[in-house]
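Participant: Quick one: sequence plus predicted model below, questions after.
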Amino acid sequence: MDLTLTEFMKEQLNLVSTDFKRYMYDKLPWEARLVGLMGPRGVGKSTMVLQHIKEQAEDIQDKSLYVSADHSYFSTHTLIDTAAQFVREGGEWLYIDEVHKYEGWSTELKQIYDSHPKLHVFFTGSSVLDILEGEADLSRRVLLNDMQGLSFREFLELFHGIKTPVRSLKEVLEGKVQIEGVEHPLPLFEQYLREGYYPFSLEGYFQQRLQQVIRLTMEVDIPQYANMTPTTGRKLRRMLGIIASNVPYKPEASSLANEIKVSRNDIPNYLLYMEKAGMIGQLRDCTGGMRGLGKTEKVYLDNTNMIYTMTGENANIGNVRETFFFNQTRLNQEVISSKVSDFQIGEYTFEVGGKKKGLKQVKDVENAYIVRDDTEYASGQFLPLWSFGLLY
């Protein structure tokens, strides 16, 4: 292989640590022929791929190649030719990072898959891609996986070296959750809410980095793959700002369309693009799930870090509480709006609030819980908000 690529891979492997791994690491079908890992910018997809390569035996590493699709090498070379040369030289494991930055990625991936039956290809890309049809149909060939940002549990391990196991929703509801060695979890929880969702927070200058992620996602990623103009991309970013200042936002397509000067009919699609890109979360009612026909009742920013970055100290604490709960529970459960409270998961109803929040609103509701952000430990129907951050 070209020395440029092999040296790049060695440099990246030397930089990565295997001490901490994201929740998806052991869930991915690494051995499959074509695997895609999608997710928002900055949640650690690239790191996880490099960790996997680094932990392979030396003979496997020698047959592996890690490339980034936005590397300058690909300004004069194609993925197809690179894969062909790699296979001729005995390569078996090709890892393509940031595939969405390569024009014609889907067509070339399909050709690589069809031309080299013994080659395993793993790629990462923007979470917007799996709702858009590429130039080639990869649906029958690829195993797609999604990843979101750090849970409170992962934050504790990555930022503070505090290891605690994943808990089930049943354990959380039974009030059996504690963090060994942590008597007072609330200060750590407050840090997580502000700067703990993205691994790159460890690198410093977090607010600036997150602002850049938001700008690139709204003005580059979504427009590029939804065939939008740069002007529409800027309108999307303005739309996100409107949502941020009104969250939880109750969607009203006409007023939002008037505000950013687009067609009312485009608003649902824009919201869906923003949701898949990891910028917002849409809470739907019981008539359908993520891809169903459920009516959107509320629109939240995707995570609490975004709230503090976009609104600063003007962040509404009630919105912060609800955003955290929705973000952390939605991964493994279907979370819908409740007719009598904030959220519903299966047979359970949840009202999220502060220490003064009582049972009045749900006193006649079976399997109802009050989730409080300033409570350290569970007591009956009253549960600490932070405990829902241990679900993955």
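Facilitator: Structure's in. What do you need?

Participant: CA only for contacts and neighbour counts going forward, please
Facilitator: Will do.

Participant: Go ahead and confirm residue 9 touches residue 64.
Facilitator: No - using Cα atoms under 8 Å, residue 9 is not in contact with residue 64; the gap is 9.5 Å.

Participant: ok, the two, which is more surrounded?
Facilitator: residue 64 (21 against 18; other Cα atoms under 10 Å).

Participant: Show the contacting residues for the more buried one.
Facilitator: 53, 91, 92, 93, 94, 95 (Cα atoms under 8 Å, 6 or more residues apart in numbering).

Participant: Of those residues, which is the nearest to residue 191?
Facilitator: The shortest gap between residue 191 and any of these belongs to residue 53, at 31.9 Å (Cα to Cα).

Participant: And the helix or strand encompassing the closest one, how far out from the chain middle?
Facilitator: Under the criterion of DSSP states H and E, residue 53 resides in helix 45-54. For helix 45-54, the separation from the chain centroid amounts to 17 Å (computed by Cα atoms, centre = their mean, to the nearest Å).

Participant: likewise stretch 27-44?
Facilitator: For stretch 27-44, the distance to the chain centre is 12 Å (Cα atoms, centre = their mean).

Participant: do the same with stretch 339-357
Facilitator: The chain centroid and the centroid of stretch 339-357 are separated by 24 Å under Cα atoms, centre = their mean.

Participant: Across the sheet, point out what pairs with residue 120.
Facilitator: Here residue 120 sits in beta bridges with residue 93, going by DSSP bridges.

Participant: neighbours of it, just the number please.
Facilitator: Residue 120 has 20 neighbouring residues, counting by other Cα under 10 Å.

Participant: and if you look at residue 59?
Facilitator: Residue 59: 8 surrounding residues under other Cα under 10 Å.

Participant: count of residues packed around residue 189?
Facilitator: 21.

Participant: what's the pLDDT at the closest residue to it other than its chain neighbours?
Facilitator: Sequence neighbours aside, residue 386 is the residue nearest to residue 189 in space, at 6.4 Å (criterion: Cα to Cα, 6 or more residues apart in numbering). Looking at residue 386, its pLDDT reads 98.

Participant: How about residue 128?
Facilitator: So residue 128 comes in at 85 (pLDDT).

Participant: Could you list the buried residues of the longest helix along the chain?
Facilitator: Looking across the chain with DSSP state H, the single longest helix is helix 230-244. Across helix 230-244, burial judged by 16 or more other Cα atoms under 10 Å covers 232, 233, 234, 235, 236, 237, 239, 240, 243, 244.

Participant: Also stretch 2-9?
Facilitator: Neighbour-count burial for stretch 2-9 [16+ other Cα under 10 Å]: 5, 9.

Participant: Using PDB, write out the CA atom coordinates for it.
Facilitator: Output of stretch 2-9 as PDB, limited to C-alpha atoms (Å, rounded to 0.1, in the frame of the first residue of the first chain):
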ATOM      1  CA  ASP A   2       1.000   3.600  -0.400                       C
ATOM      2  CA  LEU A   3       3.300   4.700   2.400                       C
ATOM      3  CA  THR A   4       1.100   7.700   3.000                       C
ATOM      4  CA  LEU A   5      -1.800   5.600   4.100                       C
ATOM      5  CA  THR A   6       0.100   3.000   6.100                       C
ATOM      6  CA  GLU A   7       2.000   5.800   8.000                       C
ATOM      7  CA  PHE A   8      -1.300   7.600   8.700                       C
ATOM      8  CA  MET A   9      -2.800   4.400  10.200                       C
END
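
Participant: Could you list the low-pLDDT ranges of the stretch 51-200 of the chain?
Facilitator: For the stretch 51-200 of the chain, the stretches with pLDDT under 70 are 130-136.

Participant: Can you show me the helices along it?
Facilitator: Using DSSP state H, counting those that start in this stretch, the helices of the stretch 51-200 of the chain run over 58-61, 79-88, 105-115, 152-160, 169-173, 186-195.

Participant: who does the helix holding residue 53 touch, helix- and strand-wise?
Facilitator: Judged by 3 or more Cα pairs under 8 Å, 6 or more residues apart in numbering; DSSP states H and E, helix 45-54 is in contact with helix 3-15, strand 34-39.

Participant: next one: phi and psi at the spatially closest residue to residue 376 that is not a sequence neighbour?
Facilitator: Nearest non-adjacent residue to residue 376, counting by Cα to Cα, 6+ apart: residue 384, 5.8 Å away. In terms of degrees, to the nearest 10, the main-chain angles of residue 384 are phi -80, psi 140.

Participant: roughly how far apart are residue 384 and residue 17?
Facilitator: For residue 384, the distance to residue 17 (Cα to Cα, to the nearest Å) stands at 33 Å.

Participant: swap in residue 375?
Facilitator: In this view, residue 375 and residue 17 are 35 Å apart by Cα to Cα.

Participant: Provide a list of residues in contact with the residue nearest to residue 180 when sequence neighbours are not counted.
Facilitator: Leaving aside its chain neighbours, residue 180 sits nearest to residue 164 (7.0 Å; criterion: Cα to Cα, 6+ apart). Applying Cα under 8 Å, 6+ apart to residue 164 gives the contacts 153, 157, 179, 180.
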